[in-house]
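[1] fold the stuff below for me.
(chains A and B)
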Protein chains: 2
Amino acid sequence: MQNSYAIGIDVGGTNTDIGLVRDDSKIVARRSLPTGNYALLEPYVQDIMDQIKEMAAEGDPEKGVASLGVAELTGIGMGAPNGNFYTGCVEWAPNLPIRGLLNFKEEFAKHTNIPFVLSNDANAAAYGEYVYGGAKGMDHFIMITLGTGVGSGIVVDGRLVHGSTGTAGELGHNILIPNGRRCTCGRKGCLETYTSARGIVQTYVELRKEKGTPAEAERMEGWIKEGIQDKDITCKMIGDAANAGDPLALETYRMVGDWLGLACANACTFSAPQAIFLMGGPTKVGDPLLIPLRESFEANLLNIYKNKCDIYMSHLDSNEVAILGAAALIKLKI
Amino acid sequence: MQNSYAIGIDVGGTNTDIGLVRDDSKIVARRSLPTGNYALLEPYVQDIMDQIKEMAAEGDPEKGVASLGVAELTGIGMGAPNGNFYTGCVEWAPNLPIRGLLNFKEEFAKHTNIPFVLSNDANAAAYGEYVYGGAKGMDHFIMITLGTGVGSGIVVDGRLVHGSTGTAGELGHNILIPNGRRCTCGRKGCLETYTSARGIVQTYVELRKEKGTPAEAERMEGWIKEGIQDKDITCKMIGDAANAGDPLALETYRMVGDWLGLACANACTFSAPQAIFLMGGPTKVGDPLLIPLRESFEANLLNIYKNKCDIYMSHLDSNEVAILGAAALIKLKI
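    Numbering: from 1, shown residues only, chains lettered A, B, ... in the order given. Predicted coordinates:
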């Protein structure tokens, strides 16, 4: 059977990654544009289209496909912060240099009439997991992405939940601790303030202030030393320190696991998923997060859901998930 | 155009209500059986079927329908605690006298081959609102039912969310306050412990213990007096006292509104509904609950959902909603 090809575009604040994706989940070719170079939508989409044309024209030599026209592609999927599935617009995304209401759907339609589908980046990641990753065949699951912020994509009955606004699935802004930490969204206690990279650093810094750096830290390889200033501490450093045995880093991740496990258990009361997938930098620490997370999840899970939902790490390569997820949007059941 | 007729059955711990429902939402006839009389499934379903046959045989004189056979009905819908949509079984419902795993679907199939659809009672209420009530035409909304417990039914894309287990939509057991009040489910801080009738009484009793009954209560008509013992206080009494101006009752409902508003705002981060409907005894108090509820909802709502979701009371008559909701299940999109 002949293969089909789609385009996946991941719009990030720094780079815009574009990939030509074969239906067996292979990224045949990829390009990158510096998002920050564009102050206007029209030249931005023009340059993206030029890259798409070039990649398509080069075909898929591995499968003996010499060249493809844009019209032969199954569609263009795009994942972007504040991407609205219903309107095809990116709505006032705070991290993008092009401001305002950006009608990508309309702009792409000037170049081609193949399908264009937009959703936010976490939704794209969720659907990528469904089409190409570990959630294949799972009609009910949730993807939670930990990064600078916390995003989520929710799949119910094999469909992404977009809600009445096109912007459903924002579990990062579920209020986990009433009157808790102040969030960038202007409210308090959002999940994001506890389990994003920023939140994890905040927890570590607070613990260090409260308890002091353990004396043995100065001798132990990989531990965060007293001389390292709070402002220089990154989530990655805390993860490495946790895996090297640093007690403050381990306690930090225990707390993060407690919070995230509670949030996952709460999500089950909504859609009773058969799995919750996690991805993003802060999850790469592994057991220091996953062990307390699973404990907290079980402890906080309502009885009727026990042994019916598992927590997994995304099965997709972290360098590929954004492009694969965007390309997967083309296959959305509507 | 000829009318069509369905059966709606509401299985309660005390009574089983059965109604013949015309497609314009009129309950043409209704019967009631004492649930407690049945220790076994077979005679229970037999008696329900006998009532259905009798009601159908009497037809719908208002529309000139002299008599109907069971085979002419569009189906039998049933709302029951722990009713599982996928299996057609009621699973170990704590409030029912018949214990264990009850396969209603199989039992009804012995009597008739018209469709039989089971879901839990809150899901049925939600779908009743969609088919017959205020949520007509709304493809994304949530119903929250306040009673002895707190239940919910979630509609996404016009479909009830049943999840991977058939038991999704249990927002009453979303943990609102980590390590909060002890819940009958064995965990702590569930929404139900704060906003059920029981939770409301607990709040009032705690406030009275802490602050004492106001001296003027003894003179004021409708206020809860010091002589009334805690164990005799009902949610209905607190509601009446709130509407008569009792400051402790008003403070109770202000707190309930704060909690419920937060829970509604959190639910929006999941499915971005265009409305949240409320029903059940504790909501009948009106403004003492609704005013603080709406304030808390707005204060806790993520910016992107502001002015996009309203809170309404169910438009259906509280004496009819259970039967109408059960009958509506026949129309479920699957």
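
[2] okay but residue A:264 is in contact with residue A:276, surely?
    Yes - because the distance of 5.0 Å satisfies Cβ atoms under 8 Å, residue A:264 is recorded as touching residue A:276. Any C-beta I mention is one placed from the backbone N, CA and C, and that applies to glycine too.

[3] got any residues that touch both of the two?
    Both residue A:264 and residue A:276 are contacted by A:142, A:144, A:311, under the criterion Cβ atoms under 8 Å, 6 or more residues apart in numbering or on different chains.

[4] wait, is the last one part of a strand?
    Yes - counting by DSSP: H, G, I helix; E, B strand; the rest coil, residue A:311 is located in a strand.

[5] how many other residues sit next to the closest residue to chain B within the stretch 51-200 of chain A?
    Nearest residue of the stretch 51-200 of chain A to chain B, counting by Cβ to the nearest Cβ: residue A:163, 2.6 Å away. Here the number of neighbours of residue A:163 (other Cβ atoms under 10 Å in any protein chain shown) works out to 27.

[6] helices along the stretch 1-150 of chain A, start to end?
    A:41-57, A:104-109, A:121-132 (DSSP state H, counting those that start in this stretch).

[7] and the last one, what does it pack onto?
    The reference is to helix A:121-132. Counting contacts by 3 or more Cβ pairs under 8 Å, 6 or more residues apart in numbering or on different chains; DSSP states H and E, helix A:121-132 is packed against strand A:5-11, strand A:76-79, strand A:141-146, strand A:150-156, strand A:159-160, strand A:275-279, helix A:321-328.

[8] please apply the same query to the shortest one.
    Contacts of helix A:104-109 with other secondary structure elements, assessed using 3+ Cβ pairs under 8 Å, 6+ apart, are made with helix A:41-57, strand A:89-91, strand A:116-119.

[9] give me the contacts around that helix.
    Outside of helix A:104-109, the residues within contact range by Cβ under 8 Å, 6+ apart are A:41-42, A:45, A:49, A:76, A:78, A:80, A:83, A:87-90, A:116, A:118.

[10] which residue, other than its chain neighbours, is closest to residue A:292?
    residue A:257 (2.9 Å; Cβ to Cβ, 6 or more residues apart in numbering or on different chains).

[11] so what's that neighbour up against?
    A:289-296.

[12] who wins for neighbours among the residues you listed?
    residue A:293 (27 neighbours).

[13] and the strand or helix carrying residue A:210, anywhere near chain B?
    Taking DSSP states H and E as the criterion, the element that holds residue A:210 is helix A:197-211. No - contact between helix A:197-211 and chain B is absent, the nearest approach being 15.4 Å (criterion: Cβ under 8 Å from any Cβ of the partner chain).

[14] state which one residue of the stretch 201-334 of chain A is found closest to chain B.
    Shortest the stretch 201-334 of chain A-to-chain B distance, computed as Cβ to the nearest Cβ: residue-wise this is residue A:272, at 2.6 Å.

[15] give the contact list for the nearest residue in space to residue A:53 that is not next to it in sequence.
    Spatially, and ignoring its direct neighbours in sequence, residue A:53 is nearest to residue A:70 (5.9 Å; Cβ to Cβ, 6+ apart). For residue A:70, the contacting residues are A:49, A:52-53, A:56, A:111-112, A:114, by Cβ under 8 Å, 6+ apart.

[16] what about residue A:95, neighbour count?
    For residue A:95, the neighbour count with other Cβ under 10 Å is 14.

[17] so what's it closest to, chain neighbours aside?
    Residue nearest to residue A:95 in three dimensions, not counting chain neighbours: residue A:13, with 3.8 Å by Cβ to Cβ, 6+ apart.

[18] for residue A:91, name its beta-bridge partners.
    Judged by DSSP bridges, the bridge partners of residue A:91 are residue A:101.

[19] contact partners for it?
    Residue A:91 is in contact with A:82, A:84, A:101-102, A:167, B:304, counting by Cβ under 8 Å, 6+ apart.
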